[in-house]
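Student: I'd like to go over a predicted model; first the sequence, then the structure.
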There are 4 protein chains.
Amino acid sequence: MSSQNPVFIPGPTNIPERLRHAVNMPTLDHRSASFGAIFKPLFPGVKKVLKTRDAEIVIFPATGTAGWEAAISNTLSPGDKILACRHGMFSHRWIDMCERHGLDVHKLTAPWGAGAPAAEFQAVLEADKDHEIKAVLVTHNETATGVRSDVGAVRKALDAARHPALLLVDGVSSIGSMDFRMDEWGVDVAVTGSQKGFMLPTGLAIVGVSQKALKAMETARLPRCFLDFRDMLNTNPKGGYPFTPPVQLLFGLGESLKMIEEEGLENIYARHHRLAEGVRRAVAAWGLKLCAHSPDLYSETVSAVVVPEGFDGTRVVVHAADKYGVAFGVGLGDVAGKLFRIGHLGSLTDVMALSGIATAEMVMADLDFPIKLGSGVAAAQEYYRGTAAALSKAA
Amino acid sequence: MSSQNPVFIPGPTNIPERLRHAVNMPTLDHRSASFGAIFKPLFPGVKKVLKTRDAEIVIFPATGTAGWEAAISNTLSPGDKILACRHGMFSHRWIDMCERHGLDVHKLTAPWGAGAPAAEFQAVLEADKDHEIKAVLVTHNETATGVRSDVGAVRKALDAARHPALLLVDGVSSIGSMDFRMDEWGVDVAVTGSQKGFMLPTGLAIVGVSQKALKAMETARLPRCFLDFRDMLNTNPKGGYPFTPPVQLLFGLGESLKMIEEEGLENIYARHHRLAEGVRRAVAAWGLKLCAHSPDLYSETVSAVVVPEGFDGTRVVVHAADKYGVAFGVGLGDVAGKLFRIGHLGSLTDVMALSGIATAEMVMADLDFPIKLGSGVAAAQEYYRGTAAALSKAA
Amino acid sequence: MSSQNPVFIPGPTNIPERLRHAVNMPTLDHRSASFGAIFKPLFPGVKKVLKTRDAEIVIFPATGTAGWEAAISNTLSPGDKILACRHGMFSHRWIDMCERHGLDVHKLTAPWGAGAPAAEFQAVLEADKDHEIKAVLVTHNETATGVRSDVGAVRKALDAARHPALLLVDGVSSIGSMDFRMDEWGVDVAVTGSQKGFMLPTGLAIVGVSQKALKAMETARLPRCFLDFRDMLNTNPKGGYPFTPPVQLLFGLGESLKMIEEEGLENIYARHHRLAEGVRRAVAAWGLKLCAHSPDLYSETVSAVVVPEGFDGTRVVVHAADKYGVAFGVGLGDVAGKLFRIGHLGSLTDVMALSGIATAEMVMADLDFPIKLGSGVAAAQEYYRGTAAALSKAA
Amino acid sequence: MSSQNPVFIPGPTNIPERLRHAVNMPTLDHRSASFGAIFKPLFPGVKKVLKTRDAEIVIFPATGTAGWEAAISNTLSPGDKILACRHGMFSHRWIDMCERHGLDVHKLTAPWGAGAPAAEFQAVLEADKDHEIKAVLVTHNETATGVRSDVGAVRKALDAARHPALLLVDGVSSIGSMDFRMDEWGVDVAVTGSQKGFMLPTGLAIVGVSQKALKAMETARLPRCFLDFRDMLNTNPKGGYPFTPPVQLLFGLGESLKMIEEEGLENIYARHHRLAEGVRRAVAAWGLKLCAHSPDLYSETVSAVVVPEGFDGTRVVVHAADKYGVAFGVGLGDVAGKLFRIGHLGSLTDVMALSGIATAEMVMADLDFPIKLGSGVAAAQEYYRGTAAALSKAA
């Protein structure tokens, strides 16, 4: 695998030079005032990205999976009932985690390619007169299928049902790349990681916790210690950490937040939309379809391309890696073999995206897919050149 | 805090150039064969450092605290009785974690400055005729007090009591720097992290799991998912990972293992002993004492220097940071204010150690400690120059 | 200008990770044995790249221009007559340098797009019965026009004329990327730099000096000191340097030589040919022509694309930088505005090349060039996919 | 040689993290607007460091030796008479260079350990009624002997003699570390490099050129091209460069200038004085003497320590490298073996300096010098702790 080519996996993303430098820092005493000076400004910065004023931010030296676990173990107790829908690998895994923690999951299912079913959620919630359901789980962006769910609609479902359940949202592959509104959507715990929209190496689980979730925390009885919000909330405000913090990644997060501030969140969303739309134009020009069932569901960070009947999406990925040194994503779980995924998030340009599209074309041609070389590239070029604003000259 | 000066905290350590370069790698697809090629060789390498043939190795994207949690949550069930001794901040915290997980801790206490009490352990174990105690916890190197406990003696206590309890050992600040013998001592779970003997940034919890612990895992009912050994053991052998792995740190670990192999474990222990002994000579020349009660307890990775009556060890640390840009460790918990700590582990030379000793002297002189400038340095110089083998010329 | 996109200038090239790490080394005493251990192995390594057994190698902390100057000032005396042909910006500049040093240049001219005229050289040399001409200058690869000259043919011209003049060759943008045979072609001074085939930052002038040139050196009277071969030859064999050496770049050169050794020179030439041919297929698909007059002259490191009448090649470059953050080369001197240049040398993959081709297409479409989007990409894709060997899996 | 220890050579200096990151940048098109944006701000920045308003700045991709050559070849013609004094290795070498360029050097000599003899210069200049002397050369800081010459006094000598000769000054190891006043002292060409006060890797010759020198340039007939001021002055104002610029180092220079601006030149001088004085206190405590004859001559960037009769300074350096992995400087030329040199310039702290002093002590003890271990360290500690202002907390 050539380290010269960009990656087109749906995270970890390509890391910008500036963040590579930031995380490449020498050891700094995490009990010193210097650490606090780096650490404390992260909180207001992350809050802006989550679009929250009221939530607390907790940052663990771990991954998004730990963020999921923190979301449930800090707010729920053994045997608690929760509501969730399985419609992709990542919603599936979160549900599995809940069951392994002894939660009682009311599981809906939807096709892989559909979003979280707000209307069905509402029906279930309305039927739950005794408010036994303590939390609703939503995967904002199903990385496995390239589907964005409508979190706002789930909030409306909760409100319509006048149901007090917590709304826990996996925003790992959306936050910082796609519009996410913690306060407006009434999200109680929002989970993300360092390696997607923040464009850093893997290693931080970043969690927003609403005041309502903080209240639930006080009575939550699932055991936790490494992932306990309370130890963080007790030490962080003074610049402290309950154990050894990942100083390098935290420093990188500070730099990432500066980059996000400089580009502007709305500009970042627009850039992701533009890159994604170029990829989608290419897919259409190939005569192929996305896994996502309709345009309102299209993810801006990853496109899952359904391969024609009789072809194998996994072979696309293996062949691209072996022959061209380029990384795409395979289909996972229920859609294994049925698709391949092109990630287009984080630090990426239209020029880089074109090299991914061109590579996918070569691979499909090599594997005798019925596609025309250059067709997808041309469609993406046409779109990109019509939508490119003059780029900032700054490197 | 000057980034030009070495740090003298008991971890994270100074990071060698080679490892700074290794972890500064671009994004690599963690589902590719390239990742497996990096990942799979880590296991035999870590096993050599733990001195085990039979254990399985699990590496979490987390810290040593998560390693502690994994050790208990993968082997124990709610309400299980365990045996531990509180004799420093880190043994204290591990006990606290156990209690927060609903374990029933039989707590012994020993003075901060003493080691784990093998004889008392034996007495308790012998009294436990029904083998209700499921695990014994030992902190191999109490970072807070600079005390090395005799893990082999605890094993002998277990054996003498013919007790089947698991032996869980925190080796975070010893493994890779001080002699550690997982198999010989019959350690069932050994916990360490990336940021000490492995000389890397914080972010990996590295855990060795004996066959006996693996057996206990099958019936252990403490909930876990992010830190579940099973998901790791099911995926790692094929080069897979149950969620997004910390690729950069894992690549760094590979390079760290090469460095350890090149220097040789016994040479590394000897280097740590030499550096530590130089610091101890300096402490003696100052007329001060270590927190550790006797030489057999002396840690080779950190020296906790007891300040004279009426002086404040925390001020030493704050003053060193503010005036000289050098990081030492403060006293924690029961010994807060009573000592300051000089870390001397990981990537360190005698020349660097001398700058730490010289700084500590200046600080103590500034704070009117009754010590003579240059006295500790001279004692350490005398020792270092008498024990220096010709260094390898390689950078 | 985005630092995420590759550059497509004809040098400096994209720098591979491995070389970025190599040159990012801390200060090392250049008078120590450690320096010699790095420095001395460079000489046999460079000799292999130049394909010479007999020459001496001299490495200045400077650029290729300094290499040109060293080539003449170490072998010639004021007023000496030399023979050269102006057929591009870089041959032009070397001639200008000679004149500024008081040399008497017998100047031929050839069209920009032609190579060095071996037959005309021969005629002039044969007419020079008194051997007043002391040196013949050849620019192996005219970066300005994308033209490779036939150095072997010039050697034959010298031999046919039984003329003793030195053969001085600028191989800055060819050596390490295109076949170069110092000994076989009887080159007396070969000049290159760090920032092309060696894939390093700018800062080393690397010069091969034949035994015949060394002899000429003894009587050469052009003043020189910083660029004097003698000071180098007197100190280098012992690992010394006549002044402060550029340690970081020299260490990088060592690593570059290892990379070249690992890939193999012939494989490197083949890779450059393949990348170049893909670009040429794209140019043909656009219906455009190269500046080089015939295929035997095609450079493997840079393609100069002639723009249609009425269009401005410089605008292509400016527009690509401004709108897409991609760097191409402008036309220089006599061909300013008439062409734009696509560099394809050093550390480059087919996937990266495709992003450059795709960008050039978008730019030309934006500027209303009569080209079809995707056409060049498709031609290059077709060629690349037919010629890709399975890539090494190593990053 | 351990890369973990600081170096104590009189340049290249230890490179701060920030500058290591700055020079570690990917390739950027040097013909783009992005390059100009980096390049053009360097000139006002360098002028501040040289303390000049009127001079032009020229920056070559080369070393200080090239700066010397540029100084003479751009202002003088073959056979021109110049005045210089040989009192150390670097003044010796510059004189040698002049002679190799065919200049007629009126050579004075002074003991190695003395400064440039302003009074003798004045006498010679007054005797030169026809103003045949075209330039006076002064080595501001003789790195070989640790001697600072009084450039202002030489200016006064020129003025007193009403002599129009140019004043050419080697400030390689002083500028940016010690007070240097180009305009006030009427320096016509000031030469420095990247690897000393600017704390960068070797590779830039930085030259200030007065208006008077620019005038002399117009008639200067020494041949030059690579080092020609004119090509630089013609292209630089537009952000251009006459050949491939060393982009990485230039970017590093920009960052270095920011660091210098932030610390403040006077603070930098004060820091160097403090570090130097600590070393001198140590030398005095050892009962040894500096090579510099009197305190007014003491260099602030390097101390040349005279070894006792019967001892060998070179062995100190070799032994320090072999046994302790620490780099000091040997005696050069006339003082070879008679001294060893401790560099204390650029990016250095008191704590780092103490490790150098402590190492020198161990080495001398190992070699049976009559010195007392810890004595020099104690003297330096006493001085440092009495003079340390609270350090900035910023890393």
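Tutor: Cool, the structure landed. Numbers count the residues shown, from 1 in each chain, chains lettered A, B, ... in the order given.

Student: and the stretch 151-300 of chain A, which of its residues are near chain B?
Tutor: Residues of the stretch 151-300 of chain A lying close to chain B (CB under 8 Å from any CB of the partner chain) are A:193, A:195, A:201-203, A:222-228, A:242-249. From N, CA and C alone the C-beta is placed, and that goes for glycine too.

Student: and the nearest residue to residue A:141 once chain neighbours are set aside, what does it touch?
Tutor: Sequence neighbours aside, residue A:174 is the residue nearest to residue A:141 in space, at 3.8 Å (criterion: CB to CB, 6 or more residues apart in numbering or on different chains). Residue A:174 makes contact with A:140, A:141, A:148, A:180, A:192, A:196, A:197, A:299, A:301 under the criterion CB atoms under 8 Å, 6 or more residues apart in numbering or on different chains.

Student: at 7 Å what do you get?
Tutor: A:140, A:141, A:148, A:180, A:301 (CB atoms under 7 Å, 6 or more residues apart in numbering or on different chains).

Student: how near is the second one to residue A:207?
Tutor: Just to be clear, that refers to residue A:141. 16 Å (CB to CB, to the nearest Å).

Student: kindly report the same for residue A:162.
Tutor: Counting by CB to CB, the gap from residue A:162 to residue A:207 is 27 Å.

Student: what do you get for residue A:10?
Tutor: Residue A:10 is 20 Å from residue A:207, by CB to CB.

Student: who has more neighbours, those two?
Tutor: residue A:207 (30 against 26; other CB atoms under 10 Å in any protein chain shown).

Student: what are the bridge partners for residue A:191, then?
Tutor: residue A:170, residue A:207 (DSSP bridges).

Student: near chain D, which residues of chain A show up?
Tutor: A:17, A:21, A:25, A:26, A:28, A:33, A:34, A:37, A:393, A:395 (CB under 7 Å from any CB of the partner chain).

Student: OK, contacts around the first one?
Tutor: In other words, residue A:17. Residue A:17 sits next to C:3, D:25, D:26 when contact means CB under 7 Å, 6+ apart.

Student: tell me the secondary structure of the last one, please.
Tutor: Secondary structure of residue D:26, reduced to three states by DSSP: H, G, I helix; E, B strand; the rest coil: coil.

Student: and what of the first one?
Tutor: Of the three states, residue C:3 takes coil under three-state DSSP.

Student: can you get me a residue count around it?
Tutor: By the criterion of other CB under 10 Å, residue C:3 has 17 neighbours.

Student: okay but it is in contact with residue D:27, surely?
Tutor: No: the pair residue C:3 and residue D:27 does not pass the contact test of CB atoms under 7 Å, sitting 8.7 Å apart.

Student: re earlier: sort out for me which of the residues of the stretch 151-300 of chain A next to chain B are in strands.
Tutor: residue A:193 (DSSP state E).

Student: show me where the stretch 151-300 of chain A has strands.
Tutor: In the stretch 151-300 of chain A, the segments counted as strands under DSSP state E, counting those that start in this stretch are A:166-170, A:189-193, A:205-209, A:289-290.

Student: which secondary structure elements does the shortest one contact?
Tutor: Using 3 or more CB pairs under 7 Å, 6 or more residues apart in numbering or on different chains; DSSP states H and E as the contact definition, the elements that strand A:289-290 packs against are strand A:302-306.

Student: tell me where the model's unsure across chain A.
Tutor: Applying pLDDT under 70 to chain A flags the ranges A:1-2, A:390-395.

Student: mind putting the residues of chain A next to chain D into CSV with distance to residue D:98?
Tutor: CSV is the format used below for these (distance: CB to CB, whole Å):
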residue, distance to residue D:98
A:17, 44
A:21, 43
A:25, 46
A:26, 44
A:28, 50
A:33, 54
A:34, 50
A:37, 53
A:393, 45
A:395, 42
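
Student: pull out the buried residues from those.
Tutor: A:17, A:21, A:25, A:26, A:28, A:34, A:395 (16 or more other CB atoms under 10 Å in any protein chain shown).

Student: my read: the third one touches residue A:251, true?
Tutor: Yes: under the criterion of CB under 7 Å, residue A:25 makes contact with residue A:251 at 5.5 Å.

Student: and the helices in chain A?
Tutor: Taking DSSP state H to define them, one finds helices in chain A at A:17-23, A:33-39, A:42-50, A:64-73, A:89-100, A:118-127, A:151-160, A:211-219, A:229-235, A:247-263, A:265-285, A:313-319, A:350-366, A:375-387.

Student: what is the distance between the longest one and the centre of its chain?
Tutor: If I follow you right, that is helix A:265-285. 16 Å (CA atoms, centre = their mean, to the nearest Å).

Student: in terms of secondary structure, what does it contact?
Tutor: Other helices and strands packing on helix A:265-285, by 3+ CB pairs under 7 Å, 6+ apart, are strand A:302-306, helix A:350-366, helix A:375-387.

Student: compare those and give me the one nearest residue D:280.
Tutor: helix A:350-366 (56.3 Å; CB to CB).

Student: is chain B within reach of that closest one?
Tutor: No: Helix A:350-366 is not in contact with chain B by CB under 7 Å from any CB; minimum separation 12.3 Å.

Student: now do that helix: distance to the chain's middle.
Tutor: 24 Å.

Student: okay, buried residues for it please.
Tutor: Neighbour-count burial for helix A:350-366 flags A:350-366 (criterion: 16+ other CB under 10 Å).

Student: and residue A:160, what does it touch?
Tutor: Contacts of residue A:160 (CB under 7 Å, 6+ apart): residue A:122.

Student: from one end of stretch A:331-343 to the other, what's the distance?
Tutor: 12 Å (CA to CA, to the nearest Å).

Student: residue A:278 contacts residue A:350, correct?
Tutor: Yes: assessed by CB under 7 Å, residue A:278 is found in contact with residue A:350 at 6.4 Å.

Student: which residues are common contacts for the two?
Tutor: Jointly contacting residue A:278 and residue A:350 under the rule CB under 7 Å, 6+ apart are residue A:384.

Student: thinking again about what came up before, a markdown table for the helices of chain A, including distance to residue C:311?
Tutor: Output for the helices of chain A, formatted as a markdown table (distance: least, CB to CB, whole Å):
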| stretch | distance to residue C:311 |
| --- | --- |
| helix A:17-23 | 34 |
| helix A:33-39 | 52 |
| helix A:42-50 | 45 |
| helix A:64-73 | 50 |
| helix A:89-100 | 50 |
| helix A:118-127 | 55 |
| helix A:151-160 | 50 |
| helix A:211-219 | 61 |
| helix A:229-235 | 61 |
| helix A:247-263 | 34 |
| helix A:265-285 | 26 |
| helix A:313-319 | 39 |
| helix A:350-366 | 22 |
| helix A:375-387 | 17 |
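
Student: centroid residue for chain A?
Tutor: In chain A, the residue lying closest to the centroid (CA atoms, centre = their mean) is residue A:173, at 1.3 Å.

Student: chain D versus that one, what's the distance?
Tutor: The spacing between residue A:173 and chain D, counted by CB to the nearest CB, to the nearest Å, is 27 Å.

Student: residue B:43 is nearest to which of the helices of chain A?
Tutor: helix A:64-73 (21.1 Å).

Student: in that closest one, which residues are buried?
Tutor: Buried residues in helix A:64-73 (16+ other CB under 10 Å): A:64, A:65, A:66, A:67, A:68, A:69, A:70, A:71, A:72, A:73.

Student: contacts for that helix?
Tutor: Contacts of helix A:64-73 (CB under 7 Å, 6+ apart): A:60, A:94, A:97-98, A:101, A:103, A:168, A:170, A:172, A:189, A:191-193, A:205-207, A:222, A:224, A:227, A:229, B:225-226, B:243-244.

Student: 6 Å - rerun?
Tutor: A:60, A:94, A:97-98, A:168, A:172, A:189, A:191, A:193, A:205, A:207, A:222, A:224, A:227, B:225-226, B:243 (CB atoms under 6 Å, 6 or more residues apart in numbering or on different chains).
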